[in-house]
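**Q** give me coordinates for this.
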Amino acid sequence: MADSTQRFFKARPGSVGQARTFTTDALTEWGLLGRAEDIRLCVSELATNALVHGTVADRGFLVRLDADEEVVRLEVHDSRRQHPEVRQAAHTDTSGRGLILVSALADGWGVEDRNPLGKIVWSCFKYAGRTTP
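**A** Numbers count the residues shown, from 1 in each chain. Predicted structure coming up:
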C-alpha cells in the first residue's frame, strides 16, 4: 500500500511549524509513528532551509510525503537551484547544523533539480511497519 500527500506553504516563519504539523498528521493517519520524531525534525530543518535559503521573493515551498511498505520519503521543493552543502559549523555558530542532523537521522538524503526552476531536497526513512493510530 502506498500513501502520498503534499502541501504548499507560504514564505513566512510560521510555515515551518505548519510543515511539522502537516507531517505529524500524515504519519499519524498512515499509522507510521515509529520514526515520526526523526521525520518531524528533518522536515523542520529542510523547511527552514527552504524558507531562509531556497525561496525566491514571495515564493513558498512545498512539502511532499510518500510512504510504501518499507520507506517514508520526505521532499521539500523550493524555487532556487543552489544546492545546499553539509558544512561543519564552528562551536560558537548558532546555525548551520541542519543538514548534519538530516544526514544523521535519515537513512539517505540528496538533492535533485526541479524543472522549470528550483530543487528538491529529499530524505528517506526506513521503518518496521505500520501501527494503528
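**Q** and the helix or strand of the chain with the lowest mean pLDDT, which residues are buried?
**A** The weakest-scoring helix or strand in the chain, judged by mean pLDDT, DSSP states H and E, is helix 98-105 (a mean of 88). Across helix 98-105, burial judged by 16 or more other CB atoms under 10 Å covers 98, 99, 102, 105. C-beta here means a position set from N, CA and C on the backbone, and glycine is covered the same way.
**Q** which SSE is the most centrally placed residue in the chain in?
**A** In the chain, the C-alpha nearest the mean C-alpha coordinate belongs to residue 43, at 3.3 Å (CA atoms, centre = their mean). Residue 43 belongs to helix 36-49 when assigned by DSSP states H and E.
**Q** other residues contacting the helix or strand that that helix is followed by?
**A** Using DSSP H and E, the next helix or strand after helix 36-49 towards the C-terminus is strand 61-67. Residues outside strand 61-67 that contact it (CB atoms under 8 Å, 6 or more residues apart in numbering) are 2-9, 11, 15, 19, 22-23, 26-27, 30, 32, 43, 47, 50-51, 54-55, 72-79.
**Q** picking up where we left off before, OK, contacts around the residue nearest to the centre of the chain?
**A** Contacts of residue 43 (CB under 8 Å, 6+ apart): 19, 20, 23, 63, 74, 76.
**Q** which residues sit in contact with the closest residue in space to it that isn't next to it in sequence?
**A** Nearest residue to residue 43, sequence neighbours excluded (CB to CB, 6 or more residues apart in numbering): residue 23, at 4.7 Å. Each residue near residue 23 by CB under 8 Å, 6+ apart is listed here: 39, 40, 43, 63, 65, 74.
**Q** sweet, I'm off.
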